[in-house]
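> Predicted model, plus sequence, below.
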Amino acid sequence: MAYTDSEDLNYRGELFLIGQYRTPFISMLGAGMRSSSFTFPVAQPYALTAASQPGITEAVAAAAGTPTTVLRTEETNTCEIHKKDVSVSFMKQSQYGIMSGINTNDANPVTNELSFQKKAQLKQMAIDMEYSFLNGTYQAAANATTAAQTRGIITASTTNTVAAGGSALTKDYIDELLLEMYASGAIFENAVIFVNAFNRTKISDIYGYAPQDRNIGGLSIKQVETDFGSFGVVTDYYVPAATLLIAEMSVCKPVFVPVAFDGEDFVTNMESGSDVLWVPTAITGAQKGGFIYTQTGIDYGPKEYHGTITGLATA
């Protein structure tokens, strides 16, 4: 979008942000981690063989044995660039008293246009991160013209997944997913169910019990008790309509590649860098602005700790 100018009108009345701007998933993430590389490890998994009863004789035990080796692998993800540019003309910034719309005594709630635009773009960046951390499709930056894109937790959750085939959410589907997660070694320490609004109502229908009351009706399930523990239930607009996610939040955290910038030059010191920074741009005309910038991705830990139900009915 072009810079903000006097054709972008001022109005009286209280400001209200409309739309789905809440970010429950990233709000629940643990403390962020810093990296000096866009690509970072999320897990170094290893596995043991199936349990069995040994049949070792005294003679075999006394003889030289054959060593075995447990192999490890590495799973990685990448950060991605979020950048929001903002610029306001001198004329627009100075004329906050010029009003459009109805003629009342209400003042303009926005007296600093540049500050308003910066705050709005920060909120836009937050919902972009919410979407990416849930649904992002992985892409490594092979060169300067290829965008790095982080892999979202839903996209990563391929080990434990139940296909609903277009049918409605049921307790059987949830139980099947929990059994898969248990078999894969999910730890169930701080597991949270994330669903869209439609399937949130289905969870209330499945697990709810409304006591009889002459004055109060209905129910809202915020926690589900299962054989594998208690799970909080969170409604998230950016979870796909046909998907349910169970995320082990104890292993999830954001990752930032900080930028150490003193306003004039780069500084080679990660500790003094900024995870999110505002960079003013040079004034070359009668407008002032800059950009908000961050390099971030999600570390979701072992994918075996999470699970999804996909292909659910949405109506």
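Ah, there it is. Numbering: from 1, shown residues only.
> For Gly32, list the residues it contacts.
253-256, 275 (Cβ atoms under 8 Å, 6 or more residues apart in numbering). Bear in mind the C-beta positions are built from the backbone N, C-alpha and C, glycine included.
> Now render those residues as a markdown table, adding neighbour count and secondary structure.
Putting those into a markdown table (neighbours: other Cβ atoms under 10 Å; DSSP: H, G, I helix; E, B strand; the rest coil) gives the following:
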| residue | neighbour count | secondary structure |
| --- | --- | --- |
| Lys253 | 16 | strand |
| Pro254 | 21 | strand |
| Val255 | 22 | strand |
| Phe256 | 19 | strand |
| Asp275 | 15 | coil |
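> Out of those residues, flag the one nearest to Gly152.
Nearest to Gly152 among the contacts of Gly32: Pro254, at 12.4 Å, using Cβ to Cβ.
> I'd like to know how far the closest residue to the closest one other than its chain neighbours sits from Met129.
Distances taken as Cβ to Cβ, 6 or more residues apart in numbering put Gly32 closest to Pro254, at 4.5 Å, once the chain neighbours are dropped. Note on Gly32: its distance to Met129, by Cβ to Cβ, to the nearest Å, is 12 Å.
> joint contacts of these two?
Pro254.
> packing partners for the helix or strand bottoming out on mean pLDDT in the chain?
Lowest by mean pLDDT, DSSP states H and E among the helices and strands of the chain is strand 276-280, with a mean of 90. The elements that strand 276-280 packs onto, with contact taken as 3 or more Cβ pairs under 8 Å, 6 or more residues apart in numbering; DSSP states H and E, are helix 113-135, strand 287-299.
> could those go into a markdown table alongside mean pLDDT?
Formatted as a markdown table, the helices and strands packed on strand 276-280 follow (pLDDT from 0 to 100):
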| stretch | mean pLDDT |
| --- | --- |
| helix 113-135 | 96 |
| strand 287-299 | 95 |
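> would you list these in a markdown table and tack on distance to Leu219 and mean neighbour count?
Formatted as a markdown table, those follow (distance: least, Cβ to Cβ, whole Å; neighbours: other Cβ atoms under 10 Å):
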| stretch | distance to Leu219 | mean neighbour count |
| --- | --- | --- |
| helix 113-135 | 27 | 18 |
| strand 287-299 | 33 | 21 |
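> Relative to Ala50, which of those is closest?
Per Cβ to Cβ, nearest to Ala50 of these: strand 287-299, 29.7 Å.
> Contacts for the helix or strand that that closest one is followed by, please.
Sequence order places strand 307-310 as the next helix or strand after strand 287-299, per DSSP states H and E. Outside of strand 307-310, the residues within contact range by Cβ under 8 Å, 6+ apart are 154, 157, 159-164, 169, 173-174, 177-178, 180-181, 186, 242-246.
> can you rerun that using 10 Å?
With Cβ atoms under 10 Å, 6 or more residues apart in numbering as the test, strand 307-310 has contacts from 153-165, 169-170, 173-174, 176-182, 184, 186, 191, 193-195, 199, 239-240, 242-248.
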